[in-house]
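*Asks:* Just a sequence and a predicted model for now, questions to come.
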Amino acid sequence: MPEEIDLEEVQVSKRVEKKRNWWTKKTKSQKFSFILALVVLVISIFAIFAWIYCRQLFGDEIGNSALGFYENGEGEIVYFNNGWEVIGYRAANSLRSWILTFFIIAITIALVFIANVLIHLFTSNGSRKKQTVGSLSKSLVKYIGIILAIGFILAAWGVDVAGIIAGVGVLTLIVGLGCQSLIQDVVSGLFIVFDDYFAVGDMVIIDGFRGIITDVGLKTTKLQDAGGNIKSISNSQITTVVNLSRLDSMVTVSIGCAYEEDIVRVEGVIASAMEDFQKKIPNITKGPFYKGIDSISASSIDFLVLAYCKEANRFQVTRDLKKELILLFRENDIMIPYNQISVNKENPKDRPTANEVQLAWSKKVTKEIREVDKKEEPKKKKNILKKVADSVKATAEENEI
């Protein structure tokens, strides 16, 4: 009889093993950070405990200076016995300020939320530029709300806000010198919006990072790639942008056939399948088009197919075109060369040749590809001296002078 397994003992052993792995899996820097945070926490708890009971631990002299005093109803000075009395006294005498602070924060959050809802209502269904202006406006509303809330909270606690505002001129100068990068980010964000470099929803490449613009703020711009990774870039650091969304992107796919194949037949097969490809690949916005022989390599003749699509669908359209071309070649018995080792075996010589339909398609696309633009170049205007010289020369030739 096999021994019965104690499930509770197994679960306990798993929990113990998990706790061991939790520490062993940490790197040296993570272990150091954890120990440092633990030491800071212990020191903070000890410091708070020492302040609360400083009179009992260090005597009245230190207790009086650390805890302070208050005046009772009779005008007498009374020193606090411990920190709990200080906390209770301050809370009781500042209840009005706490209530005002709570209401100011609540009202600010509500107003910012309502403003964001209105901005979203008027900009979400509009053009991309409207969406970008909406994103920037939300960021601006948030910062204005925070600044106003701080001012009202300071006033509720008895701080002279007017004096602070009076010193804003000097403070602005200091902040302007110390926060130049922040000002550059804000100004760059405004230029991005109004010069319409890109908008929310555009596919762009910034600093080698390819993604969709998800947010344009006063300070930063956020991009998200196909893998869900988000990159935040300071607006002042954006120097060059490749916007991939303004026009459809071009997709090119080449496929090779063996040298033994009839080139005219292969061209006819590819050209006649272009309309069918467009129906099978709905992400194609224009095309596809057969563009002729792309290259002549060591083992194959490569044919080029071109199509247009949205940038977000470019990679999928490329994959779909490659699949359809391979299936097309197999259906029509066209050899696709690949690296192989053959022993005493030659490539077949009796390969199919083009029929009348394939020959007609090949001639048609060849004519379209090689067609020359017959538009005459505009003639340059001659000045008066040149006209006089040409007239004199023509007259001399006519009279054989």
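*Replies:* Done, it's in. Numbers count the residues shown, from 1 in each chain.
*Asks:* In terms of secondary structure, what does the helix or strand hosting Val266 contact?
*Replies:* Under the criterion of DSSP states H and E, Val266 resides in helix 263-272. Helix 263-272 makes packing contacts with strand 284-296, strand 301-309, helix 314-331, helix 356-370 when contacts are defined by 3 or more C-beta pairs under 8 Å, 6 or more residues apart in numbering; DSSP states H and E. (Each C-beta comes from the backbone N, C-alpha and C, glycine too.)
*Asks:* what's the angle between it and helix 356-370?
*Replies:* Counting by axes from the mean of the first three to the mean of the last three C-alpha atoms, to 10 degrees, helix 263-272 lies at 80 degrees to helix 356-370.
*Asks:* Determine how far helix 263-272 lies from the middle of the whole chain.
*Replies:* Averaging C-alpha positions (C-alpha atoms, centre = their mean, to the nearest Å) puts helix 263-272 42 Å from its chain's average.
*Asks:* which parts of that helix are buried?
*Replies:* Residues Val264, Arg265, Val266, Glu267, Gly268, Val269, Ile270, Ala271, Ser272 are the ones in helix 263-272 that count as buried (16 or more other C-beta atoms under 10 Å).
*Asks:* quick check, nearest of these to Ser299?
*Replies:* The shortest approach to Ser299 among the buried residues of helix 263-272 belongs to Val266, at 15.2 Å (C-beta to C-beta).
*Asks:* so that closest one makes contact with Phe303?
*Replies:* Yes. Judged on C-beta atoms under 8 Å, Val266 makes contact with Phe303 at a distance of 6.6 Å.
*Asks:* what is in contact with these two at once?
*Replies:* Jointly contacting Val266 and Phe303 under the rule C-beta atoms under 8 Å, 6 or more residues apart in numbering are Cys257.
*Asks:* Where does pLDDT dip in the stretch 251-400 of the chain?
*Replies:* Applying pLDDT under 70 to the stretch 251-400 of the chain picks out residues 340-349, 372-400.
*Asks:* could I get the helices and strands packed on helix 263-272 as CSV with distance to Thr214 and mean neighbour count?
*Replies:* Converted to CSV, the helices and strands packed on helix 263-272 look like this (distance: least, C-beta to C-beta, whole Å; neighbours: other C-beta atoms under 10 Å):
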stretch, distance to Thr214, mean neighbour count
strand 284-296, 24, 16
strand 301-309, 22, 20
helix 314-331, 19, 16
helix 356-370, 42, 15
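*Asks:* Quick one: those as CSV, columns for distance to Ser97 too.
*Replies:* Formatted as CSV, the helices and strands packed on helix 263-272 follow (distance: least, C-beta to C-beta, whole Å):
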stretch, distance to Ser97
strand 284-296, 62
strand 301-309, 61
helix 314-331, 59
helix 356-370, 81
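*Asks:* Which among those is found nearest to Ile146?
*Replies:* For the helices and strands packed on helix 263-272, proximity to Ile146 was assessed by C-beta to C-beta; helix 314-331 is nearest, at 41.2 Å.
*Asks:* Not counting its own residues, what contacts that closest one?
*Replies:* By C-beta under 8 Å, 6+ apart, the residues outside helix 314-331 that reach it are 249, 251, 253, 255, 257, 269-270, 273, 277, 280-281, 283-284, 288, 305, 307, 309, 334-336.
*Asks:* Which strand or helix spans Ile119?
*Replies:* Counting by DSSP H and E, Ile119 is part of helix 95-123.
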